[in-house]
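Enquirer: Sequence below, structure please.
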Amino acid sequence: MAPCCFIGGWLIEKFGRRQTLRTLGIPFFIGWIIIIFSTNFTQMIIGRFINGCSIGLLNPSMSVFISESSSPKLRGMFLALLSFSFALGIFVSHLIGTWVSWQGTAIISAFLPMASVIILAFVPESPVWLLSKGKIDDGIKAFYWLRGYGENAKDELKAMIEKFKSTEPSTGVWRNDLKKYNTPKFFKPLIITITFYLTCHYSGVHTITFYSVDIIEKAVGGGIDRYVAMLTIDALRVITTLITFLTSKNCPRRTLCILSGSLTAASMIDDKTIKVSMSSRKITEATKS
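Expert: Down below sits the predicted model:
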């Protein structure tokens, strides 16, 4: 999935954000079809591998398309909506999978990528990408379709057109083109973003998502319905991402990141404390016996 993120960046620059997103619906669908008809572990892994590659290609395409198509005042909210969408999708898939077989869940999931392909047929390409490719008229039409004809929108469009007209074209020599990336305005945000996502994913967010049933069963035992507990965790994730979405417009992003990281660290420390306490209790009981 990670290498595909780099490939996805090249695809959206070469073929456009909207076209890349529409095309990705096909491998998504193929991956789910393989899973539906799989009869052994190898076929299941092949289907998951295709879906994983598709997700890696999807992540940069989706984020860039939303950021370039939305108003600067609402851009933060729309990008925060991505996390809410992921959380809601996980909750719905787990909810369906609790009462429906895994084949049935895969069948339902297979139709969602094709639905996005149909919906994107009625949405224009990113105006930023169109303008960057010299398609000024198409870029103007797409911009007004997405943003309307307000005065602020017109001023932003005018500034965008002037920016792309003054931008130096690519020299065609990759060594010369790489020089523009050796600047603080490029590598500083890159380092911050990579560090943030590494620490975020290393905290175990995906581990909890995919193995929550097994983790709950081993941690609690038979004292609680592990599927209800899984759905409760998913519901809490949906609620917190929704709160982030609603507050991201007025609350500083840095404050939200610090708060999220602090709460995550506190929960992991508390979890470790509980494990140490339980181990000490077992050792004490074993010593007494």
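Enquirer: Could you point out which residue ranges in the stretch 1-150 of the chain have low pLDDT?
Expert: Across the stretch 1-150 of the chain, residues meeting the criterion (pLDDT under 70) sit at 1-2.
Enquirer: for it, what spans make up the helices?
Expert: Ranges of helices within the stretch 1-150 of the chain are 2-15, 17-36, 41-69, 75-99, 102-120, 127-132, 136-147, based on DSSP state H, counting those that start in this stretch.
Enquirer: out of the ones you listed, deepest packed?
Expert: helix 127-132 (a mean of 22; mean count of other CB atoms under 10 Å). Where C-beta positions appear, they are placed from N, C-alpha and C, glycine not excepted.
Enquirer: residues in contact with that one?
Expert: Identification of contacts with helix 127-132 by CB atoms under 8 Å, 6 or more residues apart in numbering yields 12-13, 16-17, 68-69, 136, 138-140, 142-143, 146, 157, 160-161, 164, 167.
Enquirer: again with stretch 210-219
Expert: Contacts of stretch 210-219 (CB under 8 Å, 6+ apart): 207, 208, 224, 226, 227, 229, 230, 233.
Enquirer: Can you flag the buried ones in these?
Expert: 226, 227, 229, 230, 233 (16 or more other CB atoms under 10 Å).
Enquirer: Out of the residues you listed, flag the one nearest to residue 99.
Expert: Set against residue 99, the nearest of the buried ones among the contacts of stretch 210-219 by CB to CB is residue 227 (9.4 Å).
Enquirer: now that closest one: how far from residue 115?
Expert: According to CB to CB, to the nearest Å, residue 227 and residue 115 sit 27 Å apart.
Enquirer: Could you do residue 101 as well?
Expert: Taking CB to CB, one finds residue 101 at 22 Å from residue 115.
Enquirer: same question, residue 125
Expert: 20 Å.
Enquirer: now do residue 165
Expert: Residue 165 is 38 Å from residue 115, by CB to CB.
Enquirer: ok, now residue 102?
Expert: Distance from residue 102 to residue 115, by CB to CB: 21 Å.
Enquirer: repeat for residue 56
Expert: Residue 56 is 21 Å from residue 115, by CB to CB.
Enquirer: re earlier: quick check, nearest of the buried ones among the contacts of stretch 210-219 to residue 51?
Expert: For the buried ones among the contacts of stretch 210-219, the nearest to residue 51 is residue 230 (20.8 Å; CB to CB).
Enquirer: Would you state the secondary structure element containing that closest one?
Expert: helix 226-247 (DSSP states H and E).
Enquirer: Can you name every helix or strand that that helix contacts?
Expert: helix 75-99, helix 205-220, helix 253-288 (3 or more CB pairs under 8 Å, 6 or more residues apart in numbering; DSSP states H and E).
Enquirer: mind listing what's buried in it?
Expert: Quick answer for helix 226-247 (16+ other CB under 10 Å): 226-227, 229-231, 233-234, 237-238, 241-242, 244-245.
Enquirer: Stretch 201-210 too?
Expert: So, applying 16+ other CB under 10 Å, buried residues of stretch 201-210: 203, 209.
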